[in-house]
Each structure stands twice: as C-alpha cells, then as structure tokens.
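Peer 1: Structure for the following, please:
(chains A and B)
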Amino acid sequence: MIGLDTVLRRRPDVRYRHIPPETVLIRQAGPEVMVLNGIAGRLLDLVDGHTSIAGLIAALAAEYDAPRETVERDVLEFAAELLAAEVVSEAEPR
Amino acid sequence: MSFGERYLAHPALFPARLAGDAWGEESLLLELPGGPYLFTGMNDGQAAALERRWAGFVRRVDPAQAPAAAFESRTLRVGAEEFRHFDLRGFELTLEATHAADAVCLVGYEVMARLEWRRDALRGAVWTSAADPETFAGAVENYCRALVAYRLAETGAVLLHAAAVVHDGAAYLFCGPSGAGKSTLSRRCAEEGDAVLSDDLNAVAFADGRPVALPLPFCGDLRSPERRAPVPVAAVCRLRQAPVDLAEPLAPGAAIAALAACAPYVNQDPHRADGLLAQLERLVECCPTLMLSFTRTSLPWPALGAAKAGA
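Peer 2: Sure thing, here's the model as predicted:
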C-alpha cells in the first residue's frame, strides 16, 4: 500500500523519453511500451530512490502551482499505477 | 524462467568468447544497410542455402578479399546435446536475449549467438547444431536479423517489424505484431500490382533528412527481390484490423510508442533503448504516422488518401 512515506525507485530495465506533452516509456522486461501523461512523466523524473511520496507531492505542487490536495491525489494514483505496471518498485527502507 | 533455460541443456555454459569449431571454409558477404556483413565458417550446402534465402543480397567471397569494413560473424558447430529438443507444434519460436554494455547474448531453438563490441567494432558468432542446410539457414537468419537491428541502430537507422509496400513511387510502412495483418495487407497490395519490399521486417534510414525504406531480404511470405534502391517513405501506419477502413493521425507520443513496440531486439536492450527512442522521435517528426484500421479484404489507399486530404 502506497502512502506518503513510501519511497520509490525506477526499475533498472525502464527507459523513457519526454515527447511533450507525453512521455514514452519502454520496460524492457516485456518489452512493453507505455505512454504517460506529462505529470506522470515528470513524476518519473523525480523518483530517485530517496525522496518520499510526500516529497514528490511537494515538488510537483510547487512546479505546477496546483493545489496540494489535487497533486496528492494524482501522485498517489500515478504511483500506484506505475508500481502495478512494474515501472517502479518500493525502495528498501533506509 | 531464466536466460537460456527454455532452449539450452546447460545455460550456464553459454559461450563467453567468440570461439569454436567452424562447419567449413565457405564465406558469404551479405550487402545490407549497416554492413556489409561477412559470414565465415560454413560448408558448401549451408552457404548455398543462405544464398537461396538471401538471393540478390549475398555473394560468396574469399574472406581475405572481403571489404575491411565488413562486420564479421563466425558460424560455429556445437553438438546437438547442447540444446533442449522438443515438439515444435504449436510452439512460438522466440529469440531470448541478455544485454550488457559491450555484449548481447541470444538463444533460440538450436541456435545461440553472441555479439560483442570491441573497441567500438561489432563482432559476432553464431553456434548451431543444425547440420541440415535449410535448418542452418533459418537459425543463422534469426541471428542475422538481430545483428542487422543493432548495426542499423548504430548508424542512426531503425529496423521495424513492418510490411513495406511501394505505391506511386513511395513506401508505406505497416507496423504491427504477428497477426496484425501485415502479410494480408501486403498480399492484397501485391495483387493490385504494388511492390512489397518485405511483409515482415524493413529498415528505415534518413537520406538528406528524409526517411527512406531500405530493402532487406528478411520476409514472411512476400518480398520483391528486384527492388534494391532506397524508397522515400510517405507514411508509417500502425495496423489494426477493424470492421471499417479508417486512417487517423497518431499523436507523437502514441506514434513513438507504437513504433518502439515494433522495433525488435533493440527495444529490449536497456543499453540502447535511449538511442532507439531518439531515432523514432526523429522519424515521427518528419513522417506522417497514422493508426490504420482496415478490413482484411480492403486496400489501404482510400483511407490513407482521405487522411492526407483531411490533414
């Protein structure tokens, strides 16, 4: 279950490229190709194996000048989808 | 299932070097984009089988007289006991791969291969137990398709799992996985007099900034051996069978995703996927990319013409 304290990292077989307004992602294990919207693509940039979901929300809220509750809902939703699609995984607790 | 378990008796013994016993002393020079490619170490029957399969693209050579720039691949013999043997009926043959920054290992039914980048030069070897010339040729072609995909990627081109049809002097590429309708559409176009470069695999490169289709000898059922010159690409279409004929523009992201899914071998390689996405972005920027819904009996030209008129 993803929460605000969860830390995510990109899986090593994932490559992506921003094609505004979208992001194209290849997960080599399939291979599987996905198209992410701009915010999900930016979220992928910020996932670094260190920053918590709360930190990602704060960064995106500042970047997009959007209400925190809206960003929080979107980020939790995107993060859950990326986790289910095996694009990211939960980082080991530090 | 880990790498090689499906096809190899002893996956841990996968060759670590480009070494082994050759089948014979015959060599072939395959003249394809990214090449030429020099295949050494075959016997006469095996070389003849590849000459038939790649007619128009290949010739026998003395290795000592091959172009210095040729990418050499050794064809090597291994015992049948190295491979697992099973009933192939209903089994989809695949080529599994593992990737490193300087090497790619491939394994399939009765074939294993290794590509190595040494001092930026690509070299390879393919091992098979298939003594029968036709089986041997099939195994070597499976390897060769991957080799060409990697060489094309290095030269800024891309190999696409696509049919290419030449209509009114321009090439139309129809992409999609097996079963999408590439061969069906190719056959319908051929019946109407259009040339089919290949109904399975085609290369796209850039000439003077514009995409061109480069004929390859790799096909499913159809190819036109007489057409060797690059052909300007008019459009790239992702195929989708549907009850109606309709061509719709793809957004850039969706277009690149559709093409990436149809760029075999390299799209599985985490060390080279960034370059692939960059090449596909370049292609999508300079070439119309469409989703083509088509009925199995129709020709694509009316729908493509309507899309062009509406653009």
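Peer 1: Low-confidence ranges, the chain, go.
Peer 2: This is for chain A. Residue ranges of chain A with pLDDT under 70: A:93-94.
Peer 1: not quite, I wanted chain B
Peer 2: B:120, B:225-228, B:311.
Peer 1: so which strand or helix has the residue in chain B that chain A sits nearest to?
Peer 2: The shortest separation between chain B and chain A is 3.1 Å, found at B:G253 (distances taken as Cβ to the nearest Cβ). C-beta here means a position set from N, CA and C on the backbone, and glycine is covered the same way. Per DSSP states H and E, B:G253 falls inside helix B:252-261.
Peer 1: For the stretch 151-300 of chain B, list the residues in contact with chain A, please.
Peer 2: Residues of the stretch 151-300 of chain B lying close to chain A by Cβ under 8 Å from any Cβ of the partner chain are B:251-254, B:256-258, B:260-261, B:267-270, B:273-274, B:276-278, B:281.
Peer 1: one more time with 6 Å, if that's ok
Peer 2: Contact residues (Cβ under 6 Å from any Cβ of the partner chain) of the stretch 151-300 of chain B with chain A: B:252-254, B:256-257, B:260-261, B:267-268, B:270, B:273-274, B:277.
Peer 1: for the lengthiest helix in chain A, which positions count as buried?
Peer 2: In chain A, with assignment by DSSP state H, the single longest helix is helix A:68-84. Buried residues in helix A:68-84, defined by neighbour count with 16 or more other Cβ atoms under 10 Å in any protein chain shown: A:V71, A:E72, A:D74, A:V75, A:L76, A:F78, A:A79, A:L82.
Peer 1: what's that helix in contact with?
Peer 2: Surrounding helix A:68-84, the residues in contact under the criterion Cβ atoms under 6 Å, 6 or more residues apart in numbering or on different chains are A:I2, A:A40, A:L43, A:L56, A:I57, A:L60, A:A61, A:V88.
Peer 1: State the pair within those that is farthest apart.
Peer 2: A:A61 and A:V88 (19.8 Å; Cβ to Cβ).
Peer 1: And these two? Which one has more around it.
Peer 2: Neighbours were tallied for A:A61 and for A:V88 using other Cβ atoms under 10 Å in any protein chain shown; the higher tally belongs to A:V88 (21 against 17).
Peer 1: one step back: distance from the chain centre to the helix or strand that the helix holding B:G253 is followed by, please.
Peer 2: Following helix B:252-261 in sequence order, the next helix or strand is helix B:273-286 (DSSP H and E). For helix B:273-286, the gap between its own C-alpha mean and the chain's C-alpha mean amounts to 18 Å (Cα atoms, centre = their mean, to the nearest Å).
Peer 1: Now do helix B:273-286: which elements does it pack against?
Peer 2: Under the contact criterion of 3 or more Cβ pairs under 6 Å, 6 or more residues apart in numbering or on different chains; DSSP states H and E, helix B:273-286 touches strand A:14-19, helix B:252-261.
Peer 1: just the angle between the longest one and strand A:14-19, please?
Peer 2: Put plainly, it is helix B:252-261. 140 degrees (axes from the mean of the first three to the mean of the last three Cα atoms, to 10 degrees).
Peer 1: Residues contacting helix B:252-261, please?
Peer 2: Contacts for helix B:252-261 (Cβ under 6 Å, 6+ apart): A:I19, A:E22, A:V24, A:I26, A:V33, A:V35, B:R238, B:N267, B:L280, B:E281, B:V284, B:T289.
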